[in-house]
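Trainee: Quick one, fold the following:
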Amino acid sequence: MEAVQASLWVVILLVVLALAFDFMNGFHDAANSIATVVSTGVLKPTTAVLFAAFFNLVAILVFHLSVAATIGKGIVQPGVVDTHIVFGALIGASAWNVVTWYYGIPSSSSHALIGGIVGAVIAKTGAGSLIGAGIWKTVLFIFVSPIMGFLLGSLMMVLVSNLFRRATPSRVDRWFRRLQLISAGAYSLGHGGNDAQKTIGIIWLLLISAGYTAAGDANPPIWVIIACYFCIAMGTMFGGWRIVRTMGQRITKLRPVGGFCAETGGAITLFLATALGIPVSTTHTITGAIVGVGSTHRASAVRWGVAGNIIWAWIFTIPASAFVAAIAYWVSLQFF
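Mentor: So this is what the prediction gives:
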């Protein structure tokens, strides 16, 4: 009886740690949802985070749990996972989020979490326990999501420019200040739908490995779903202002029409990826879309040095979080 109680307490503590990561994910990725709408002056920062948090939460009613299923059952063989692996994965992902937040670098919480899972699993059994299809699908979209964001953002900008070429700048600005509320809401909806499900997936993986949920269940417990969506919304509400400045102004200067095109292109990418059950980076997606919008004016409108630093952070996210996760897994074995 005491052993059961001890394992239950370990599971509870890991669920709390996962929800803390979920909150940090929203905090870290708030910039993705609000940077464009804040930098164009359409919404004040406080209003913008409340707006984004609301749509993060509403996403619970819109999206099927396809991404959660990929994380929970499509990355690693469930029989291999134990509490030490989950601990290592969460510590690895959280550590990378803190470092990149501190330096104001937009990076992927999603890929940090997947890197954490991969690193902890390799530390335990080697790469043979990983599910190749799930890993490669995720890795592929490290490149696909920003390219899609870039293409859709730039195409939207070209289309809108042609449609409104005879309108006065003040009229265009007035229209797109309103329309940007729709595009920002759609992007925040996509952010909540894709990112909250990643934490749902790892808690689901934990509950299956600990025997509290059957591996054959089609969905995780409802309390897991509600808790994860709530925590990411709360994280978004508190916002990560260091990254907002990088995303909203340092890559390229945006007007409401550009913000609308970037958010719309990013939202389409996120909706498609979520429907396909692919965990993607909202950071990668919106960065690609912002660069795409900026590049339609002229190449010099994009600060390529800033964009280059962001890309380096993307490249290092999975290996860095995997390395920290492997160490955390070893520490967990020694002390717990």
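
Trainee: And for residue 271, the neighbour number?
Mentor: For residue 271, the neighbour count with other CB atoms under 10 Å is 18. Just so you know, the C-beta spots here come from the backbone N, C-alpha and C atoms, and that holds for glycine as well.

Trainee: and it, how far is that from residue 191?
Mentor: Using CB to CB, to the nearest Å, residue 271 is found at 11 Å from residue 191.

Trainee: what's the answer for residue 159, then?
Mentor: 24 Å.

Trainee: Quick check: which ranges of the stretch 151-300 of the chain have low pLDDT?
Mentor: 239-254, 297-300 (pLDDT under 70).

Trainee: Break down it into its helices, ranges please.
Mentor: Assigned by DSSP state H, counting those that start in this stretch, the helices in the stretch 151-300 of the chain fall at 169-210, 222-238, 241-245, 256-275, 282-295.

Trainee: before we move on, the earlier item: neighbour-wise, which of residue 159 and residue 191 wins?
Mentor: residue 191 (31 against 11).

Trainee: which residues touch that one?
Mentor: Listed by CB atoms under 8 Å, 6 or more residues apart in numbering, the contact set of residue 191 reads 29, 32-33, 52, 55-56, 59, 236, 270, 282.

Trainee: In strands, which of those appear?
Mentor: Members of these lying in strands (criterion: DSSP state E): none.

Trainee: quick one: which of these is nearest to residue 75?
Mentor: Here the nearest of the contacts of residue 191 to residue 75, counting by CB to CB, is residue 282; it sits at 18.7 Å.

Trainee: Excluding its own residues, what touches stretch 131-149? List them.
Mentor: Contacts for stretch 131-149 (CB under 8 Å, 6+ apart): 70, 74-77, 108, 111, 114, 118, 262, 265-266, 268-269, 272-273, 278-281, 284-289, 291-292, 314, 318.

Trainee: ok now do the closest residue to residue 63 other than its chain neighbours, which residues does it touch?
Mentor: Among residues not flanking residue 63 along the chain, residue 193 sits closest, at 3.8 Å (CB to CB, 6 or more residues apart in numbering). Going by CB under 8 Å, 6+ apart, residue 193 touches 59, 62-63, 67, 270-271, 274.

Trainee: now do residue 188
Mentor: Applying CB under 8 Å, 6+ apart to residue 188 gives the contacts 33-34, 51-56, 236.

Trainee: Try it again at 10 Å.
Mentor: Shown in contact with residue 188 (CB atoms under 10 Å, 6 or more residues apart in numbering): 30, 32-34, 37, 48-49, 51-59, 233, 236, 263, 267, 270, 282.
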